[in-house]
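Undergrad: Would you be able to build a 3D model of this:
(one chain, ligands or ions: 3)
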Amino acid sequence: CGGCYGPTTHVEHVRHVKRMQPSASNASYGPTRELEWGQLNFLHTTDTHGWLEGHLKEGNYGADWGDFVSFSKYMKQKAREIGVDLLLVDTGDLHDGAGLSDATTPDGAVSNNVFEKVDYDLLTIGNHELYVAEVAYQTFSQFSKFWGDKYLTSNVQILNNETNEWEFIGQKYKYFTTEHGLRIMAFGVLFDFKGNANISKVIHADTLVAQDWFQDAVNYTEPVDLFLVLGHNPARVDQSSGSTFGIIHDAIRKAHPRTPVQFFGGHSHIRDFAVLDDSTTSLESGRYCETLGWLSMSGFTKCSSGWRSTSNPKGVPNPSRKATVNSTSPYKYARRYLDWNRATFDFHAVSGKHEASFDTPLGEETTSAITTYREQLNLNKIYGCAPQSYCMTCTDFNSTGNIYPLLANALATVVVNETRKEIPRYIIANTGSIRFDLYKGPFTYDDFFIVSPFTDVFMYVPDVPCSLASSVLGRLNKAGANEKRNLGYMPIERDICVDPITAPLGARDVFDHVHSDAAVTRRQVVDLVAGYTTKDDFGTDGDDTAHSEIPHYSVPDFFQGEGGFDEGGCSGTADLIFLDFIQSDVLAILGSGYSASDVGYYINSTFTTRDYLPLFVEQSDLFQSGMPNCTTS
Ligand SMILES: Nc1ccn([C@@H]2O[C@H](COP(=O)(O)O)[C@@H](O)[C@H]2O)c(=O)n1
Ligand SMILES: [Zn+2]
Ligand SMILES: [Zn+2]
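TA: Ligands and ions are numbered 1, 2, ... in the order given. You can find the predicted model right below:
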């Protein structure tokens, strides 16, 4: 391809990138260790956020949902062959992050159909299924009905608009017996989310555990060999994570001091594995179809559980670690974070077995359906050409390689009310409204959703004294975002501070390396592709493919664009513009002199965070000068 792009060659480029995924046959990159299979095994997805096409610009995460359909089918067959159980589980956040889920009305209208091709055993709901009433109703009336008793929402209700009664969106719990006899009690618990549309209710964990039905399920009349808790909830239970798994764990432990409890979490978008006690562990499997989580455990006996197969499958490695060093419990565990690419799937499926491919007819149909939907939604249409890559956290917040200075410029340039354009303005957004890096080269319709998927409206307070207006950003950042404060949630910063000048592989190089099509080719020079380098409670060997570390710089909670100022800066008054999503944070900073009655639409009720970047890209020389022959090189 040689880096050549144009409206018609882009799709070919996309296919080309998919074929450039790391090859399992090249020993210098990719997985090298077989998975440990236990008696009970899990494949876990979370926070897919519509990325079902896979990462078209990063070969290392380039498998699509069809590939996963095929791989998961293969793994289920393998589990049967070796006489063990394999459960497929998902922990929510299906929307807001890619064109396939967000370019339809409502979000998820086609992507949910694609998602449903995987034969999940259990699923639970994420906060992104609850922000918008229409999406919540779609989840209730379609998605939940499709999955039936597999969709667990132990603490989430919706107002049924036909009966006017509050109903659980899915099932409260599920008691079932696996193919090999394990008796499992499962729950699905969303963190104590407060931003849900008011047609839904999130029952907080401390209330949930006191409810009669929950206590009855924990003290079930039938035997339980394992409690399984899926939750859109950080896996790690510490004061700063905002996870409510600790409350659920305590409630189960009060009744069952030794029965194993297995948690699967999400929401904080990280790879993590936490040990809660001798027979309780908790796995979180990343985000955006970058990670497929693997958890296996053994230790069930025929006399003390319903298990009726061999104690450990033969011909494969088995879980070998107790949860804690001094554990007296019989359970042993293994966990792995698989990179989401075909080479990884291939390695764990067909490699060395002389089979041509792990693809199944349904997997291939799913891939074709994704291609068709993308064409129908015009997701490949190119709107501009990014002259360089801009990342969210791999460079310093104020540097030219960071996305926020670019977006501050975009806010200043295009968020303008023509009738007030002479009035100085501060435009404040939350950094969390930006969801992904922006890559050098063709900037497509899909990329608008990938970078800024939400529909948060630009509101404003007119004529705020400059002394006050100019202080709001700093004070907001000092206070932190309301949403995080309510949750007790602190972003989990990796303990990395890499100086781009002195780092062995400098920040700039790492960024280019990670984000370039040539990344995989360059592995011969740098040995490892940059990516996840996970440390969890079992150590540093969880990443199925070893990576070199990506620099990570922290970002404040808010950023702003400034427009309409003359050389003297702000004197007199200014318009204070902000997103409706952060209105309560802004009013809290403005203080008692201001209330919601002072707030109006700055442009109109439909101009949102989805609109400003497209406008900027179309208007700006920065993004138009490389057109129409846009290249990545
Ligand atoms: N309308 C919205 C909704 C959410 N956000 C941002 O997303 C964060 C939550 O995302 P998760 O995938 O972690 O659940 C939230 O904290 C906001 O930063 C937004 O900006 N606008
Ligand atoms: Zn998420
Ligand atoms: Zn979430």
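
Undergrad: Tell me the predicted confidence for the residue nearest to residue 441 when sequence neighbours are not counted.
TA: Nearest in space to residue 441, with sequence neighbours left out and distances taken as C-beta to C-beta, 6 or more residues apart in numbering, is residue 632 at 3.7 Å. For glycine as for every other residue, the C-beta is placed from the backbone atoms N, C-alpha and C. pLDDT recorded at residue 632 is 86.

Undergrad: my read: residue 632 touches residue 388, true?
TA: No. At 10.3 Å, residue 632 and residue 388 do not qualify as touching, with contact defined as C-beta atoms under 8 Å.

Undergrad: so what sits against both of these two?
TA: With contacts defined as C-beta atoms under 8 Å, 6 or more residues apart in numbering, the residues adjacent to both residue 632 and residue 388 are residue 440.

Undergrad: Look at those two and report which has more neighbours.
TA: Using other C-beta atoms under 10 Å as the criterion, residue 632 and residue 388 rank with residue 632 on top: 21 against 14.

Undergrad: Can you show me the helices along the stretch 51-200 of the chain?
TA: Assignment of helices within the stretch 51-200 of the chain using DSSP state H, counting those that start in this stretch yields the ranges 65-82, 99-102, 111-115, 133-138, 144-147.

Undergrad: Show me what the longest one is packed against.
TA: Counting contacts by 3 or more C-beta pairs under 8 Å, 6 or more residues apart in numbering; DSSP states H and E, helix 65-82 packs against strand 40-45, strand 85-90, helix 342-349, helix 361-376.

Undergrad: try 10 Å this time
TA: Using 3 or more C-beta pairs under 10 Å, 6 or more residues apart in numbering; DSSP states H and E, the elements in contact with helix 65-82 are strand 40-45, strand 85-90, helix 111-115, strand 291-298, helix 342-349, helix 361-376.

Undergrad: Could you do the last one as well?
TA: Counting contacts by 3+ C-beta pairs under 10 Å, 6+ apart, the secondary-structure elements packed against helix 144-147 are helix 111-115, strand 122-124, strand 151-152.

Undergrad: Of all residues in this protein, which one is closest to ligand 1?
TA: residue 432 (2.1 Å; C-beta to the nearest ligand atom).

Undergrad: quick one: contacts for that residue?
TA: Residue 432 makes contact with 454, 481, 483-484, 491, 555, 557-558, 581-582, according to C-beta atoms under 10 Å, 6 or more residues apart in numbering.

Undergrad: Those: which two are farthest apart?
TA: Pairwise distances across those (C-beta to C-beta) peak at 17.8 Å, for the pair 454 and 491.

Undergrad: where does the stretch 151-300 of the chain come near ligand 1, residue by residue?
TA: In this structure, the stretch 151-300 of the chain approaches ligand 1 at residues 267, 269, judged by C-beta under 6 Å from any ligand atom.

Undergrad: where does the stretch 351-500 of the chain have low pLDDT?
TA: Using pLDDT under 70 as the threshold, the predicted model of the stretch 351-500 of the chain has low-confidence ranges 351-356, 486-500.

Undergrad: switch to 90 and redo it
TA: By pLDDT under 90, the weakly predicted segments of the stretch 351-500 of the chain are 351-358, 480-500.

Undergrad: circling back to that earlier point, what about residue 454 and residue 491, which has more around it?
TA: Shown here are residue 454 and residue 491; by other C-beta under 10 Å, residue 454 has more neighbours (23 against 17).

Undergrad: so the more buried one touches residue 582, yeah?
TA: No. Counting by C-beta atoms under 10 Å, no contact exists between residue 454 and residue 582, whose distance comes to 11.3 Å.

Undergrad: just to revisit the earlier point, would you confirm that the residue nearest to residue 441 belongs to a helix?
TA: No. Going by DSSP: H, G, I helix; E, B strand; the rest coil, the assignment for residue 632 is coil, not a helix.
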